[in-house]
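Visitor: take a look and give me a structure for this.
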Amino acid sequence: MPTSSIRLDQNLIEKATIIAKALNRTPPKQIEHWAKIGKMMEDNPDLPYEFVRQAIIAQAEREAGKLEAYDFD
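Guide: Model (predicted):
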């Protein structure tokens, strides 16, 4: 995936660096994570944050091939 440089507020970068370190991410990946959540929340304003967070986790599990069929019985 191609990348591009953008200017961001230094305060945002500093906060992302702190959180990224705690969550074993790079600062750019932390900012991407926040952007993904923000976009999902704007696209789906009626969904609670926890639902969006679980959807992101489920997508990552699907991409990793770790989903299991659910038995409704």
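Visitor: just how off-centre is stretch 19-28 within its chain?
Guide: Centre-to-centre, stretch 19-28 and its host chain are 12 Å apart (CA atoms, centre = their mean, to the nearest Å).
Visitor: kindly report the same for stretch 41-54.
Guide: The chain centroid and the centroid of stretch 41-54 are separated by 12 Å under CA atoms, centre = their mean.
Visitor: list the contacts of that stretch.
Guide: With contact meaning CB atoms under 8 Å, 6 or more residues apart in numbering, stretch 41-54 is reached by 37, 40. From N, CA and C alone the C-beta is placed, and that goes for glycine too.
Visitor: go again with 6 Å.
Guide: residue 40 (CB atoms under 6 Å, 6 or more residues apart in numbering).
Visitor: check contacts around residue 27.
Guide: Applying CB under 6 Å, 6+ apart, the residues contacting residue 27 are 16-17, 20.
Visitor: actually residue 67, sorry about that
Guide: Counted by CB under 6 Å, 6+ apart, residue 67 has contacts residue 61.
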